[in-house]
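S.K.: Just to be clear, the model below is a prediction. Sequence and coordinates:
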Amino acid sequence: MKFPHDFLFGAASASYQIEGAWNEDGKGLTNWDVFSKIPGKTYMGTNGDVAIDHYHRYKEDIKLMAEMGLESYRFSISWARILPTGDGEVNDKGLEFYNNVINECLKYGIVPFITLYHWDLPITLEEDGGWTNKRTAEAFIKYAEVCFRAFGDRVKHWITFNETVMFCGLGYLKGAHPPGIQNDENKYFQATHYVFYAHAKAVEVYKEMNHYGEIGITHVFLPAFSVNDHRENVVAARHANEYETFWYYDPILKGEYPSYVVEQLEEKGWTPSWTEEELATLKRNAGKNDFIGLNYYQPIRVEKNNKAVSSMEHSRETSTLAPGNPSFDGFYRTVKMEDKTYTKWGWEISPQGFLDGLHMLKERYGDIKMYVTENGLGDEDPIIDGEIVDVPRIKYIEEHLKVIKRAIKEGIHLKGYYAWSVIDLLSWLNGYKKQYGFIYVDQQNNLNRKKKLSFHWYKHIIETRGEEL
Ligand SMILES: C[C@@]1(C(=O)O)OC[C@H]2O[C@@H](O)[C@H](O)[C@@H](O)[C@H]2O1
C-alpha cells in the first residue's frame, strides 16, 4: 500500500542553523548571534556566522532538493531579517531573500512550509526580557502579519513556533540556550504562556486575512512511559506527560491549561501573571488551529525520583535530552533501559513509542490534523571510499515511516513527514558533529555539498510513495 496521494514527503531546516550571513543585507542581531559567542556556550565555539552559507547558496540547495524529488520544504524565517529591531521598521532586503527562496521552491513544485520562529530572537527583544515580556508577544504578532502579507499569496502552510519547550526550557531552566538562565520556574512558565498567547493572536490574525491556507504550531513530542507497572512510576509518567505534553498542547487545542499543572503551579507560586483577556484569547482561537506539528525523536522512560534534588547545576551535556536526569521539579527521572536501543547521543530509537504516543494524542485531542515536522537520526556518518554511507539514518527513517503508515491505517490524521534535516547543518549544542542531513556539507572543503546514500534512498521512497514500506 502506498502513502495517501495527499501525504507530503518533506524535509526541514532552520534559519540560524543554515543561513550564515549573520550581519548582511540589513539583518539585525539575534540572541543566538550574541549567545553563541560567549565562551563555553556552544560545542567547540561553533556559531551561525557562516553556518552552511545557505543565504548565498540557496539556489544550489533547493535544486538538490528538487533532484531528491522533495515534495515540501520546511524552513524558518529569521525574524531579524524582516524586522531588524524586532518591532520597528521592515527590512526590504529581508523580504527579498525569503521571496527568492519561496519562488525557487515553487519553480520546482516544492511546497514551502514556513516556521516563523525557530529560536533566533532579535536581540533588542531578548535584552528587554525576551518571552517573559509581553512586548515580545506583541512584536511577534506584528512580525507574523508582515510575513503573512508578504508571502501569504504563495505560502499556504504556516508554523508559528518550533519547540517552545526547548527555547523556554533551555532558556530559563537549564541555561543552555539564551538568555542562559538556570532554574527560574516563574520565568519559564511565564515565557511559555506569552508564546501560547502570541500563537493564538497570530492564528486569529491569519484567519481574518482569508488566505485559505493552514496554520498551526510545532512541539517536541516526547511521550512518557513508566519503566514498569509500579504505581509510583505510573504516576511519574502521568506527571511527565502533563508537564511535557499537555501543558503545550492543551492551551493550543483546548484553549485552556491542564488543571493538573495549574493546581501545582498555584501551590508552588509559579503561576504566570496571565490576564483574563489573554486566557480568553487562547480559548477563542483554539478551534481555529488547522494542525499540530510533532517533532518526534524519542519517548522517555520515567520512574519516580526519590532522591532529594537541590537547585540543579546544568551543563550543555545535561541539556541534550539524554536519559538519566531528574525533571526540573525533581518529581521524576528519565531512565536508560537495558532492552532499548539508543543513538550515539543517548536518544532511544522507538518507532513503537511514537505509535503509542500518537494514540495518546488522538484520545486527548480527537481528530486534529498532524504533521511530523521533524524526525531523523543525529549521527556521525561513516565515509567509505569518499561516499557518505549513512545506512543507520536510512534504517531509522524507514522504521518511523512504516509506523506512520500503520498509524494512518489505524485512523491517525497524519498528513506529512518532514525529515530533520534536509542538509547537514549547525546543531545548537553539537556544532557540526551531529549530522542529520540527506546532503553532506564538507566543512573542511568550501562547504561543498554531496548527496549521501540516504538522499538516493529517500528519492526512491518519494517516487514510489513508500509502497514497499
Ligand atoms: C537538539 C537537537 C539536536 O541537535 O539533536 O534535536 C534535534 C533537532 O531539533 C530541532 O528542532 C533543532 O532545531 C535542531 O537543531 C536539532 O536539535
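M.R.: Perfect, thanks for sending it. Small disclaimer: the values here were computed from a predicted structure and weren't measured. Residues are numbered from 1 along each chain as shown.
S.K.: could you check whether stretch 389-399 is close to the ligand?
M.R.: No - if you take Cβ under 6 Å from any ligand atom as the test, stretch 389-399 misses the ligand, and the best it gets is 12.6 Å. Every residue, glycine included, has its C-beta placed from N, CA and C.
S.K.: wait, I meant stretch 51-66
M.R.: No - judged by Cβ under 6 Å from any ligand atom, stretch 51-66 makes no contact with the ligand; its nearest approach is 11.2 Å.
S.K.: which other residues reach that stretch?
M.R.: Stretch 51-66 has contacts (Cβ atoms under 8 Å, 6 or more residues apart in numbering) with 11, 13, 16-21, 24, 73, 97, 100-101, 104-105, 108-110, 422-426, 439, 441, 447, 449, 451, 455.
S.K.: show me the contacts for whichever residue of the stretch 201-350 of the chain sits closest to the ligand.
M.R.: Residue nearest to the ligand within the stretch 201-350 of the chain: Asn295 (5.5 Å; Cβ to the nearest ligand atom). Asn295 makes contacts with 162-163, 218-221, 372-375, 420, as judged by Cβ under 8 Å, 6+ apart.
S.K.: ok, the closest residue to it other than its chain neighbours to Arg364 distance?
M.R.: Of all residues not flanking Asn295 in the chain, Glu374 sits nearest, at 3.7 Å (Cβ to Cβ, 6 or more residues apart in numbering). Look at Glu374 and Arg364: by Cβ to Cβ, to the nearest Å, they are 21 Å apart.
S.K.: same check, this time on Gly129
M.R.: From Gly129 to Arg364 the distance is 33 Å (Cβ to Cβ).
S.K.: So what's the residue count around whatever residue of the stretch 351-469 of the chain ends up closest to the ligand?
M.R.: Using Cβ to the nearest ligand atom, the single residue of the stretch 351-469 of the chain nearest to the ligand is Ser427, 3.6 Å away. Ser427 has 20 neighbours, counted by other Cβ atoms under 10 Å.
S.K.: Please identify which helix or strand holds Tyr188.
M.R.: If you go by DSSP states H and E, Tyr188 is part of helix 185-208.
S.K.: what's the following helix or strand after that helix?
M.R.: In N-to-C order, the element after helix 185-208 by DSSP H and E is strand 214-221.
S.K.: Given the next helix or strand after that next one, what are its sheet partners and their directions?
M.R.: Per DSSP H and E, the first helix or strand lying C-terminal to strand 214-221 is strand 224-226. In the sheet, strand 224-226 lines up against strand 300-304 (parallel) (DSSP bridges).
S.K.: what about the strand it pairs with, distance to the chain center?
M.R.: Offset of strand 300-304 from its chain centre (Cα atoms, centre = their mean, to the nearest Å): 23 Å.
S.K.: which residues of the stretch 51-200 of the chain fall in strands?
M.R.: Counting by DSSP state E, counting those that start in this stretch, the stretch 51-200 of the chain has strands at residues 72-76, 111-117, 157-162.
S.K.: Which strands or helices does the second one pack on?
M.R.: Counting by 3 or more Cβ pairs under 8 Å, 6 or more residues apart in numbering; DSSP states H and E, the packing neighbours recorded for strand 111-117 are strand 8-12, strand 72-76, helix 92-107, helix 134-151, strand 157-162.
S.K.: what do you get if the cut-off is 7 Å, keeping everything else the same?
M.R.: strand 72-76, helix 134-151, strand 157-162 (3 or more Cβ pairs under 7 Å, 6 or more residues apart in numbering; DSSP states H and E).
S.K.: So for the ligand, which of these sits nearest?
M.R.: Of these, nearest to the ligand by Cβ to the nearest ligand atom is strand 157-162, at 5.5 Å.
S.K.: Can you check what angle separates that closest one from helix 134-151?
M.R.: Strand 157-162 and helix 134-151 meet at an angle of 160 degrees, taking axes from the mean of the first three to the mean of the last three Cα atoms, to 10 degrees as the criterion.
S.K.: Listing partners with orientation, what would you give for strand 157-162?
M.R.: Strand 157-162 pairs in its sheet with strand 111-117 (parallel), strand 214-221 (parallel), by DSSP bridges.
S.K.: Including distance to Ile461 and mean pLDDT, could those go into TSV?
M.R.: Shown next, in TSV, are those (distance: least, Cβ to Cβ, whole Å; pLDDT from 0 to 100):
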stretch	distance to Ile461	mean pLDDT
strand 111-117	17	98
strand 214-221	22	98
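S.K.: and the closest residue to Phe331 other than its chain neighbours, what element?
M.R.: The spatially closest residue to Phe331, leaving aside those adjacent along the chain, is His239, at 5.2 Å (Cβ to Cβ, 6+ apart). For His239, the host element (DSSP H and E) is helix 231-241.
S.K.: just to revisit the earlier point, which ones among the contacts of Asn295 also lie next to the ligand?
M.R.: Counting by Cβ under 6 Å from any ligand atom, 162-163, 374, 420 from those sit close to the ligand.
S.K.: from memory the residue nearest to Asn295 sits against Val422, does it?
M.R.: No - Glu374 is beyond contact range of Val422, at 11.0 Å (criterion: Cβ atoms under 7 Å).
S.K.: How many residues are close by Val90?
M.R.: 15.
S.K.: State the distance from the nearest residue to it once chain neighbours are set aside to Asp442.
M.R.: Sequence neighbours aside, Val146 is the residue nearest to Val90 in space, at 5.9 Å (criterion: Cβ to Cβ, 6+ apart). The gap separating Val146 from Asp442 is 36 Å, by Cβ to Cβ.
S.K.: Can you pull the phi/psi pair for Gly431?
M.R.: Gly431 has phi and psi values of phi 60, psi -130 when expressed as degrees, to the nearest 10.
S.K.: ditto for Lys37
M.R.: phi -100, psi 0.
S.K.: got the contact list for it?
M.R.: Asn47 (Cβ atoms under 7 Å, 6 or more residues apart in numbering).
S.K.: again, only using 10 Å
M.R.: Neighbouring residues of Lys37 by Cβ atoms under 10 Å, 6 or more residues apart in numbering: 45, 47, 49.
S.K.: got it, and Phe328?
M.R.: By Cβ under 10 Å, 6+ apart, the residues touching Phe328 are 169, 172-174, 182-183, 185, 188, 243, 309, 312, 314.
S.K.: for the residues you listed, which one is nearest Pro299?
M.R.: Nearest to Pro299 among the contacts of Phe328: Tyr243, at 15.0 Å, using Cβ to Cβ.
S.K.: Would you mind giving the secondary structure of the closest one?
M.R.: When classified by DSSP: H, G, I helix; E, B strand; the rest coil, Tyr243 comes out as helix.
S.K.: Not counting its neighbours along the chain, what's nearest it?
M.R.: That would be Val261: by Cβ to Cβ, 6+ apart, it lies 6.0 Å from Tyr243.
S.K.: And the helix or strand harbouring the one you found, what's buried?
M.R.: Assigning secondary structure by DSSP H and E places Val261 in helix 259-268. Buried residues in helix 259-268, counted by 16 or more other Cβ atoms under 10 Å: 261, 264-265.
S.K.: how far off helix 185-208 does it point, in degrees?
M.R.: 140 degrees.
S.K.: Between helix 231-241 and helix 259-268, find me the angle.
M.R.: 90 degrees.
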